[in-house]
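Colleague: Provided below are the primary sequence and the corresponding predicted coordinates.
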Amino acid sequence: MTIKWEFKAAAEPNVGELYIYGDIVTYRWEEFPEDHNAKSFKDELDALGEIDELKLYINSPGGSVHQGSAIYSILKRHKAKKNVYIDGLGASIASVIAMSGDTIFMPQNAMMMIHNPWTYTWGNANELRKIADDLDKMRESMITTYLSKAGDKLDRDTLIDLLDKETWLTAQECFNYGLCDVIEESIEIAACANKDILSKFKNTPKNLLEIAENGSEKPKNDPKNSKNEQELRKKLIEEARSNLETTNLILGGLNR
């Protein structure tokens, strides 16, 4: 599955919308123009022009730490008010991107996953020691990002413990830790990745693996978002899932 981004002008004046439904990729191939890295992300964001508010919808298992961190920085620098909606899953570096939001919304049945960064690598002993040092620096950056959003609801020691354990957080837990601001009614959760990707994490909840395999979760309540928004999100997911072969080719280059 490839990442699918879509920017559009919202119904309200001076409001833009962005959907991130899929992996954050490192390389962009000409054969798959729908894939994006931080540069293409910035180009698309700039194309929205002058906006006062940006709505960011996330349903992603994560991806490249470097690209995701750059996207977070781009969003933080943007002058618009940023409302972030976790439509189903904000995992790994996607959860870091979510922290760019001035207000983060999560349905009751959405989840966020945080963990220490990891990578595939090779090399001699000196090169591997450098990689380990780089991963430690990445973790420090992530810790700063989470704590900046959480404020006094989350302390460093607790956060490090959550990262070490690869913790899957419910919306209520995110709210308690200061990692989201508003809990909304449950919505239909659709797959954001195939089962093989989620299986690579250590503690992926079984229900998410089932959603990845079967396509969606039955809604517990009527979603607050409009019918048109639901249809658009489902369309984005279907387009993303149609490119599973691409994921198999790029997984070796992803840092999660």
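Modeller: On my side now, so go ahead. Numbers count the residues shown, from 1 in each chain.

Colleague: got the residue ranges for the strands in the stretch 51-200 of the chain?
Modeller: All strands of the stretch 51-200 of the chain, identified by DSSP state E, counting those that start in this stretch, fall at 53-60, 62-63, 81-91, 103-107, 111-114, 167-170, 182-184.

Colleague: got the buried residues for the third one?
Modeller: Think strand 81-91. Residues of strand 81-91 classed as buried by neighbour count (16 or more other CB atoms under 10 Å): Lys82, Asn83, Val84, Tyr85, Ile86, Asp87, Gly88, Leu89, Gly90, Ala91. Every residue, glycine included, has its C-beta placed from N, CA and C.

Colleague: contacting residues around it?
Modeller: 21, 52-62, 75, 97-98, 100-107, 110-113, 171, 180, 187, 189-190, 192, 201, 208, 211, 233 (CB atoms under 8 Å, 6 or more residues apart in numbering).

Colleague: And the first one, by the same measure?
Modeller: Applying CB under 8 Å, 6+ apart, the contact partners of strand 53-60 are 3, 10, 12, 14-24, 45, 48, 75, 78, 80-91, 94, 97-98, 100-101, 190, 192-193, 233, 237.

Colleague: Mind doing that once more with 7 Å?
Modeller: With CB atoms under 7 Å, 6 or more residues apart in numbering as the contact definition, strand 53-60 has outside contacts at 10, 14-24, 78, 80-91, 94, 97-98, 101, 192.

Colleague: next one: the fourth one
Modeller: Contact partners of strand 103-107, identified using CB under 7 Å, 6+ apart, comprise 83-86, 98, 171, 174, 180-187.

Colleague: so what does the biggest helix by length in the chain touch, helix or strand wise?
Modeller: Longest helix in the chain, counting residues (DSSP state H): helix 125-150. Under the contact criterion of 3 or more CB pairs under 7 Å, 6 or more residues apart in numbering; DSSP states H and E, helix 125-150 touches helix 65-77, helix 156-164.

Colleague: Which of the ones you listed comes out lowest on mean pLDDT?
Modeller: Among those, helix 65-77 has the lowest mean pLDDT, at a mean of 94.

Colleague: can you give me the angle that one makes with strand 53-60?
Modeller: Counting by axes from the mean of the first three to the mean of the last three CA atoms, to 10 degrees, helix 65-77 points 160 degrees away from the direction of strand 53-60.

Colleague: how about helix 65-77: buried residues?
Modeller: Val65, His66, Gln67, Gly68, Ser69, Ala70, Ile71, Tyr72, Ile74, Leu75.
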